[in-house]
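> Fold the following, please.
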Amino acid sequence: MSNPTRVVIVGGGAGGITVAARLAQSGGPLQIQIVEPSDKHYYQPLWTLVGAGVFPREESERNEADLIPQGVEWIRQYVDSFQPEQNQVTLRDGRKLGYDFLVVCPGLQLNWQKIKGLAEAVGKEGVCSNYDYNTVGSTWEAIRNLKRGKAVFTHPSGPVKCGGAPQKICYLAEDYFRQHGIRDQIEVTFASALPVIFHVDHYRPALEKVIQRKGIKTLFEHDLCEIRAASKEAIFRRPDGTEQVVAYDLLHVTPPMGPPEFVARSPLADAGGWVDVNKHTLRHTRFANVFGVGDASNLPTSKTGAAIRKQAPVVVENLLAERTGQPLRASYDGYTSCPLVTGYSGMILAEFDYDKHPVESFPFDQSQERYSMYLLKKYALPNLYWHGMLKGRA
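Numbering: from 1, shown residues only. All right, here's what the predicted structure looks like:
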């Protein structure tokens, strides 16, 4: 009897659990290991609504142990380095794992330190962020405690988790201020390093109308580079190198993000530090038995859980094909989805591919705000995640 094929999956988030579940159901003789140091697993898309007071943060949390698929071994440890020439992963405790196939999906690293003063300021005195379980509560606290003044919401340069998320909390906060009769006391500003509100033409006009209707001030090509917490000032850098000082009473920060350091300094990385994969097959460009899924890959599409839901079946199908010497026929078209919440009763569901063409799931114009889409975000998508996607069923 032949030995089972050894598959090591680095990362036990959305990508790792989904791929493991699908592989475990494939029926092949596989020995599957997930390397993941965290004992908690988070449904991070919910943090937008947690920051807006819709859900307690605990709603987004599960025990990692409860999500590991049956028959899969969980190695609770950090990865130190990759040796793809030797088909080997070295863990931080010194252990070495051999593999026949490697799937790399450790997610993004939040680089708080890249903005001067942010690490010290976040979570205190009006500086908040939805991007971490430990800081998301501070967003809701800052929103509901603000009665007058200036509320500023930022979007950094470079890739972030869900390209629409930085603006969603801005819209929700504005809606909260309006519902509580204090909107005319608060100046709301969205400051983005990007040149436009959204990079997909089909959805941009609708979002520009949202901004206009809500009276939100926009500062495009403004990249947050420093926070002076003592004087409540945010410093933004312009493309020409000049800096602009913006006063705030509430400052919601989306931190710069990038690939984890152990990926960026590995032989698996491209020049930017991302896992270097073919954008259709998701196989590594240099190592035939390595695949990449999700946010740490260099795929030219928005980094979302919805993208991972479409990538995972492609990886599994192509890994199993490579294992038996078959051609890689499964192809990923860059599908991703950004549920753009525009308030407590509306959402635009942006779905598109590599070419930024809409790939919509419903038989109506999804660029229009709809309450039904907000309910999808609030109730249906979390259920799909926990009970469908992570089980390898959806």
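> So what are the structural domains in the chain, by residue number?
With domains defined by automatic domain parsing, the chain comprises 5-108+259-334, 111-256.
> Between those domains, which one is closest to Lys378.
domain 5-108+259-334 (6.5 Å; C-beta to C-beta). Backbone N, C-alpha and C define where each C-beta goes, glycine included.
> Any idea how far that closest one is from the middle of the chain?
A distance of 14 Å separates the centroid of the chain from that of domain 5-108+259-334, by C-alpha atoms, centre = their mean, to the nearest Å.
> What of stretch 176-189?
28 Å.
> how about the helices in the chain?
Assigned by DSSP state H, the helices in the chain fall at 14-24, 47-51, 118-121, 136-145, 165-179, 204-214, 261-264, 305-323, 371-375, 381-387.
> Just send the domains of the chain back as CSV, with mean pLDDT too.
As requested, these are exported to CSV (pLDDT from 0 to 100):
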stretch, mean pLDDT
domain 5-108+259-334, 98
domain 111-256, 98
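> between those, which gets nearest to Gly343?
Of the domains of the chain, the one closest to Gly343 (C-beta to C-beta) turns out to be domain 111-256, at 3.8 Å.
> Just to check, Tyr332 is in contact with Val277?
No - Tyr332 is not in contact with Val277 according to C-beta atoms under 8 Å; the separation is 9.6 Å.
> In a markdown table: the domains of the chain, plus distance to Ile348 and mean neighbour count.
Shown next, in a markdown table, are the domains of the chain (distance: least, C-beta to C-beta, whole Å; neighbours: other C-beta atoms under 10 Å):
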| stretch | distance to Ile348 | mean neighbour count |
| --- | --- | --- |
| domain 5-108+259-334 | 14 | 19 |
| domain 111-256 | 6 | 19 |
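> Which one of those domains lies nearest to Ala380?
Judging the domains of the chain by C-beta to C-beta, what sits closest to Ala380 is domain 5-108+259-334, at 11.9 Å.
> quick one, strands of the stretch 151-300 of the chain?
For the stretch 151-300 of the chain, the strands defined by DSSP state E, counting those that start in this stretch occupy 186-192, 217-220, 223-228, 233-237, 243-247, 250-252, 257-258, 290-292.
> any idea how far the residue lying closest to Ala269 once chain neighbours are set aside is from Ser157?
Spatially, and ignoring its direct neighbours in sequence, Ala269 is nearest to Val263 (5.9 Å; C-beta to C-beta, 6 or more residues apart in numbering). Counting by C-beta to C-beta, to the nearest Å, the gap from Val263 to Ser157 is 20 Å.
> what's the overlap in contacts for Tyr332 and Val277?
Common contacts of Tyr332 and Val277 (C-beta atoms under 8 Å, 6 or more residues apart in numbering): Leu299.
> How about residues contacting stretch 129-136?
Against stretch 129-136 from outside (C-beta under 8 Å, 6+ apart): 40, 42, 47-48, 50-51, 57, 60-61, 110, 122-123, 128, 138-139, 161, 165, 169, 252-255.
> circling back to that earlier point, reformat the helices of the chain as TSV; add distance to Phe364.
Formatted as TSV, the helices of the chain follow (distance: least, C-beta to C-beta, whole Å):
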stretch	distance to Phe364
helix 14-24	28
helix 47-51	23
helix 118-121	41
helix 136-145	31
helix 165-179	21
helix 204-214	13
helix 261-264	40
helix 305-323	18
helix 371-375	9
helix 381-387	18
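> Ok, which of those comes nearest Arg95?
Here helix 261-264 is closest among these (C-beta to C-beta), at 14.6 Å.
> Which other helices and strands does that closest one contact?
Counting contacts by 3 or more C-beta pairs under 8 Å, 6 or more residues apart in numbering; DSSP states H and E, helix 261-264 packs against strand 79-83.
> Does Lys150 touch Leu250 like I think?
Yes - if you go by C-beta under 8 Å, Lys150 and Leu250 touch, sitting 7.4 Å apart.
> which residues does Val89 contact?
Applying C-beta under 8 Å, 6+ apart to Val89 gives the contacts 8, 10, 35, 79, 81-83, 96-97, 99, 102.
> The residue nearest the centre of the chain pairs with what?
Taking C-alpha atoms, centre = their mean, the centroid of the chain lies closest to Lys161, which sits 2.6 Å from it. Lys161 has these beta-bridge partners by DSSP bridges: Lys303.
> My read is that it contacts Ser302, right?
No - using C-beta under 8 Å, Lys161 is not in contact with Ser302, being 9.0 Å away.
> Pull the contacting residues for the residue lying closest to Gly12 once chain neighbours are set aside.
Computed as C-beta to C-beta, 6+ apart, the closest residue to Gly12 that is not its neighbour in sequence is Glu36, at 2.8 Å. Glu36 is in contact with 11-13, 16, 64, 74-76, counting by C-beta under 8 Å, 6+ apart.
> got it, and Met257?
Neighbours of Met257 in contact, by C-beta under 8 Å, 6+ apart: 108-111, 156, 158-161.
> contact partners of stretch 168-177?
48-49, 51-53, 130, 139, 143-144, 146, 151, 153, 183, 185-186, 188, 190, 210, 214-216, 250, 252, 340-344.
> My read is that Gly273 contacts Ser297, right?
No - applying C-beta under 8 Å, one finds Gly273 not in contact with Ser297, separated by 11.3 Å.
> gap between Leu102 and Phe262?
Taking C-beta to C-beta as the measure, Leu102 falls 13 Å from Phe262.
> typed the wrong thing, it's Gly149
42 Å.
> Might one say that Tyr248 is in contact with Thr154?
No - here Tyr248 does not reach Thr154: they are 9.8 Å apart, not a contact under C-beta under 8 Å.
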